[in-house]
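Asks: got a sequence here, can you build the structure:
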Amino acid sequence: MKILSQLSLISVTLSLIFFVCTWILSPKYKLILRDTYSTYECGFASRRKSRLPFKLQFFLVGILFLIFDVEITALIPWGVIWMDSQYYSQLVLILFIRILVLGILWEFVLGGLLLNRSVKSEYLWIYDGEYVVFLPWFLFCILCSMIYDNLKYVVLVGVVAMSVFWVK
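Replies: Residues are numbered from 1 along each chain as shown. As a prediction, the model looks like this:
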């Protein structure tokens, strides 16, 4: 206990010494110039504001990318040990991938992945009146995959849905 109190006393003393040295050596006045905080455009005076508004949708897509990128990074070790793993760990991996796919589909349905907000429909069943989106059929094939626990239904129904129900 005595060593711990000595270490804490030393750390507090060193912190105070650094704080006082910084305070003493820092300049006492700050010269604030108007040009310091203004924009610089190759030596010319700026004609308009340099700070443009940032669309929130780009930020949301970046956050979604970050979330799904971290989740996919979590899949890499499982991919390495897939063949040597037990039935339980394979089941956990399949459930994790299904939750990941359902999450990205949910974001697609709600329009979170759209950068252009000119979509007329609420749930992307019709996109600008020209394209019929195959999303209900893709959700159906995901459901078939969950019921039958086989990935070939996803590929088969997804290809059929994309080729037949994507109408111009």
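Asks: low pLDDT regions in this protein?
Replies: By pLDDT under 70, the low-scoring segments of the chain are 1, 27-52, 83, 85, 111, 114-168.
Asks: again, 90 this time
Replies: Across the chain, the ranges flagged by pLDDT under 90 are 1-12, 14-15, 18-168.
Asks: any idea how far residue 92 is from residue 67?
Replies: 19 Å (CB to CB, to the nearest Å). Just so you know, the C-beta spots here come from the backbone N, C-alpha and C atoms, and that holds for glycine as well.
Asks: likewise for residue 110?
Replies: Note on residue 110: its distance to residue 67, by CB to CB, is 15 Å.
Asks: repeat for residue 93
Replies: Distance of residue 93 to residue 67, given as CB to CB: 18 Å.
Asks: now do residue 58
Replies: The gap separating residue 58 from residue 67 is 15 Å, by CB to CB.
Asks: looking at the two, which one has more neighbours?
Replies: More neighbours surround residue 67 than the other of residue 58 and residue 67, with 14 against 10 (other CB atoms under 10 Å).
Asks: element containing the more buried one, please.
Replies: Element membership for residue 67 (DSSP states H and E) is helix 56-80.
Asks: quick one, the next helix-or-strand element following that helix and helix 56-80 angle?
Replies: Downstream of helix 56-80, the next assigned helix or strand under DSSP H and E is helix 87-110. Using axes from the mean of the first three to the mean of the last three CA atoms, to 10 degrees, one finds that helix 87-110 and helix 56-80 are set 160 degrees apart in direction.
Asks: any buried residues in helix 87-110, and which?
Replies: Neighbour counts using 16 or more other CB atoms under 10 Å place 93, 100, 107, 108, 109 of helix 87-110 among the buried residues.
Asks: any chance of CSV for those residues, columns distance to residue 4?
Replies: Formatted as CSV, the buried residues of helix 87-110 follow (distance: CB to CB, whole Å):
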residue, distance to residue 4
93, 46
100, 46
107, 50
108, 55
109, 56
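Asks: looking at those residues, which one is closest to residue 25?
Replies: Nearest to residue 25 among these, counting by CB to CB, is residue 107 at 52.2 Å.
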